[in-house]
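S.K.: Pasting a predicted model and its sequence here:
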Amino acid sequence: MVATGKQAKEEFGDRFKIIVSENGPYLVFGGIPMSGQVIVTDADGYSYKWRRGKTYPAQQNYALCRCGKSTTKPFCSGEHLQVNFNGTETASRKSYLDQAEEIDGPALRLTDVFELCSSARFCDRAGGIWYLTENSDDKEARKTAIGEGKNCPSGRLVTWDKRGQAIEPELKPSIGLVEDPQAGVSGPIWVRGGIPIESGDGTAYEVRNRVTLCRCGKSSNKPFCDSSHLQI
């Protein structure tokens with residue numbers, strides 16, 4: 001059973017960790033594996049699956065750019081010092097559920113925190129995950145809604161069964177570098193499998209199965225992605 005969220009924290013402790021340095025890079029500890037993750041679209045242009053991209057050589061510790069100006073992307077080259085990068089963290093410290101809006105359908109419940117949206121667009125097919133949740137008494141609608149929720153890299157969208165259990169993808173602790181060929185941009189840093197993330201002031205963010213961190217430097221919800229990479 002792959003550990004997720006709280007389970008991963010209990011299993012791995014501080015072996016894996018990401019620290020958001022003040023006005024600097026993400027400091028990654030514990031030999032977290034990293035690879036490219038490419039959004040694949042169907043014939044109608046909708047995001048529908050992920051394809052594994054480049055695999056990066058294993059390193060015990062490394063620093064990832066978050067100002068968007070590095071000359072050695074995805075790694076930090078120190079350019080944040082030259083451009084006077086303002087990496088002030090503005091994201092809420094509330095838990096996901098304390099921020100979430102809910103849609104209660106006949107067979108599924110959907111929670112949604114819009115501020116976390118990284119615009120991977122897996123939620124748009126077949127009328128959208130919100131419509132599908134409201135019509136989840138239909139078997140195909142329910143299946144599609146669950147698939148769309150599980151493919152959301154930022155964890156903005158989570159589907160829940162009627163027993164109150166979150167329907168989460170099984171993700172091993174790892175980092176994905178999102179690539180979006182349809183939009184022609186590099187997307188966020190996809191942190192997977194319940195890796196602890198620590199603020200520059202030492203405060204721990206809620207441990208979650210999946211979140212996306214800004215790597216363009218423009219997010220207004222730092223350290224998390226808010227889709228600003230699409231505006232560059």
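M.R.: Received the coordinates, thanks. Since the structure is predicted, the reported quantities are computational estimates derived from the model, not experimental observations. Numbering: from 1, shown residues only.
S.K.: Buried residues in the helix ranked longest in the chain, which are they?
M.R.: Longest helix in the chain, counting residues (DSSP state H): helix 139-151. Residues 141-142, 144-151 are the ones in helix 139-151 that count as buried (16 or more other C-beta atoms under 10 Å). Using the backbone N, CA and C atoms, a C-beta is placed for each residue, glycine as well.
S.K.: next helix or strand past that helix?
M.R.: strand 157-160 (DSSP states H and E).
S.K.: how about the helices in the chain?
M.R.: With helices called from DSSP H, the chain shows them at 6-12, 79-82, 96-99, 129-134, 139-151.
S.K.: Considering those helices, which stretch scores lowest in mean pLDDT?
M.R.: Least confidently modelled of the helices of the chain is helix 6-12, at a mean of 54 by mean pLDDT.
S.K.: Around residue 35, how many other residues sit close by?
M.R.: Neighbourhood size, residue 35 [other C-beta atoms under 10 Å]: 15.
S.K.: Name the nearest residue to it, ignoring sequence neighbours.
M.R.: residue 55 (4.5 Å; C-beta to C-beta, 6 or more residues apart in numbering).
S.K.: cool, and residue 18?
M.R.: Nearest residue to residue 18, sequence neighbours excluded (C-beta to C-beta, 6+ apart): residue 197, at 4.8 Å.
S.K.: Likewise for residue 137?
M.R.: Closest residue in space to residue 137, ignoring its immediate chain neighbours: residue 106 at 4.0 Å, by C-beta to C-beta, 6+ apart.
S.K.: Quick check: the residue nearest to residue 35 touching residue 175?
M.R.: No: judged on C-beta atoms under 8 Å, residue 55 makes no contact with residue 175 at a distance of 11.2 Å.
S.K.: more crowded one of those two?
M.R.: For residue 55 versus residue 175, neighbours defined as other C-beta under 10 Å are more numerous around residue 175 (24 against 10).
S.K.: If that one is in a bridge, with which residues?
M.R.: With DSSP bridges as the criterion, residue 175 is bridged to residue 34, residue 191.
S.K.: just to revisit the earlier point, which neighbours do residue 55 and residue 175 have in common?
M.R.: Here residue 55 and residue 175 share the contacting residues 33-35, scored by C-beta atoms under 8 Å, 6 or more residues apart in numbering.
S.K.: returning to that earlier point: the residue nearest to residue 18: neighbour count?
M.R.: By the criterion of other C-beta under 10 Å, residue 197 has 19 neighbours.
S.K.: From residue 180, how far out is it?
M.R.: Applying C-beta to C-beta, to the nearest Å, the value for residue 197 to residue 180 is 22 Å.
S.K.: low pLDDT regions in the chain?
M.R.: Along the chain, segments meeting pLDDT under 70 span 1-14.
S.K.: Just the strands from it, written as ranges.
M.R.: Assignment of strands within the chain using DSSP state E yields the ranges 17-20, 26-29, 34-41, 47-55, 61-64, 101-104, 109-112, 157-160, 174-180, 185-192, 197-198, 210-213.
S.K.: want to throw those into CSV with distance to residue 94?
M.R.: Compiled in CSV, these are given as follows (distance: least, C-beta to C-beta, whole Å):
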stretch, distance to residue 94
strand 17-20, 17
strand 26-29, 22
strand 34-41, 27
strand 47-55, 28
strand 61-64, 25
strand 101-104, 13
strand 109-112, 13
strand 157-160, 15
strand 174-180, 24
strand 185-192, 18
strand 197-198, 15
strand 210-213, 14
